[in-house]
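In: sharing a model prediction with you, sequence too.
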Amino acid sequence: MAEESAIRRSFAGKIAREHTDRPLEIAAKLRPDLIVRNEVDFAGAVAAKVLGLPHAAVVVIAAGAFLRADVVEEPLAALRSKLDLDPAGAVGILHRYLTIVPGPRSFRDTADPLPPTAHYVRPAVVDQNQDHGLASSGSTRPSRGRPKVYVTLGTIFNQEFGDLFQRVLTGLAAIPAEVLATVGHQINPIELGPLPSNVRLESFVPLAHILGDADVGVSHGGSGTVIAALALGIPRVMPPLGAVQPLNADRYVALGVGIGFDALHSSSTAIREATETATPA
């Protein structure tokens, strides 16, 4: 698949080769005892090996299944050889010390389990929402009027799928619900034309503020939004757009807490029906 090719050729290949020198330069000045990196920062892991330092990896691909040995072993072994390191076991170093997982254990794809070094931590959004009436995952939402729907298609892929925003908003306009959609700073809300009275557009609203009051979400399946919604017990309707999003959406659907739809071909009616199905009674 294209996403795995990007991981192999770019992140574990070209990007890792070009960026390994930078952490080595910084370490020479700061003399750290530990390197903390996101799990796709392969340069940080290789630099830590060169320096003889432990490193902690922070998981950013919620469902996993991307950084398998068959995807990244070859480019990482080549980079280690270039730095006079043993190329054998290149993937093993990625989770050798500590792996921090800001999400529930059950969300991880069972075909790609993490090693015993994985430590699962409480997602920050849970604590951030305590001031917004939702103390913890699974809290019961009080009975109230019209349901509230939150819509986000991220900040990168949201401009690459034609009239998806229009189809989503047209479908949700037919639901007796209050709809809030954030479109990012690259899109002027005016470009989306006149909207019905139950739909409100914003460029940005802090995620914790929105999810604390939402009943259902429509999103692209990015790891941050998916884990936040899962932690707060919010069902999702997802049109995955690319990168890790199909993996996250598939896992959400497999767990029975979300519904997926085709971003390119689903009609406004199909999107409306999926959202109505996902909305708690």
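Out: Everything's here; your move.
In: now do the strands in the chain.
Out: Remark: strands assigned in the chain by DSSP state E are 35-38, 55-58, 98-101, 118-120, 148-152, 178-182, 199-202, 216-219, 236-238, 258-260.
In: which stretches of the chain aren't confidently modelled?
Out: Applying pLDDT under 70 to the chain flags the ranges 129-144, 158-161.
In: cutoff 50 now
Out: The model of the chain has pLDDT under 50 over residues 132-143.
In: returning to what we had before: of all the strands of the chain, which one is nearest residue 208?
Out: strand 148-152 (11.7 Å; C-beta to C-beta). Every residue, glycine included, has its C-beta placed from N, CA and C.
In: who does that closest one pair up with?
Out: Note on strand 148-152: by DSSP bridges, its sheet partners are strand 178-182 (parallel), strand 216-219 (parallel).
In: distance between the ends of stretch 89-101?
Out: From the first residue to the last, stretch 89-101 extends over 23 Å; the measure is C-alpha to C-alpha, to the nearest Å.
In: then stretch 258-273?
Out: Terminal residues of stretch 258-273 lie 13 Å apart, using C-alpha to C-alpha.
In: residues in contact with it?
Out: 161-162, 164, 167-168, 170-172, 174-175, 218, 220, 235-241, 249-250, 252-253, 274, 277-278 (C-beta atoms under 8 Å, 6 or more residues apart in numbering).
In: so which bits of stretch 7-21 are buried?
Out: Neighbour-count burial for stretch 7-21 flags 7-8, 11-13, 15-17, 19-20 (criterion: 16 or more other C-beta atoms under 10 Å).
In: can you lay out these as JSON lines showing distance to residue 126?
Out: JSON lines is the format used below for the buried residues of stretch 7-21 (distance: C-beta to C-beta, whole Å):
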{"residue": "7", "distance to residue 126": "30"}
{"residue": "8", "distance to residue 126": "35"}
{"residue": "11", "distance to residue 126": "29"}
{"residue": "12", "distance to residue 126": "32"}
{"residue": "13", "distance to residue 126": "37"}
{"residue": "15", "distance to residue 126": "32"}
{"residue": "16", "distance to residue 126": "33"}
{"residue": "17", "distance to residue 126": "38"}
{"residue": "19", "distance to residue 126": "33"}
{"residue": "20", "distance to residue 126": "36"}
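In: out of the residues you listed, who's nearest residue 63?
Out: Residue 63 has its nearest neighbour among those in residue 7, at 14.0 Å by C-beta to C-beta.
In: from memory the closest one sits against residue 66, does it?
Out: Yes - using C-beta atoms under 8 Å, residue 7 is in contact with residue 66, at 5.8 Å.
In: next, count neighbours for the closest residue to residue 54 other than its chain neighbours.
Out: Spatially, and ignoring its direct neighbours in sequence, residue 54 is nearest to residue 97 (4.4 Å; C-beta to C-beta, 6 or more residues apart in numbering). By the criterion of other C-beta atoms under 10 Å, residue 97 has 16 neighbours.
In: gap between residue 97 and residue 120?
Out: Using C-beta to C-beta, to the nearest Å, one obtains 16 Å as the distance from residue 97 to residue 120.
In: where along the chain do the helices fall?
Out: Ranges of helices in the chain, per DSSP state H, are 2-6, 16-19, 21-30, 42-51, 69-82, 124-128, 164-173, 207-211, 223-231, 245-254, 268-278.
In: can you put the ones you listed in a markdown table and add distance to residue 92?
Out: Shown next, in a markdown table, are the helices of the chain (distance: least, C-beta to C-beta, whole Å):
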| stretch | distance to residue 92 |
| --- | --- |
| helix 2-6 | 20 |
| helix 16-19 | 16 |
| helix 21-30 | 20 |
| helix 42-51 | 10 |
| helix 69-82 | 9 |
| helix 124-128 | 29 |
| helix 164-173 | 41 |
| helix 207-211 | 35 |
| helix 223-231 | 24 |
| helix 245-254 | 22 |
| helix 268-278 | 40 |
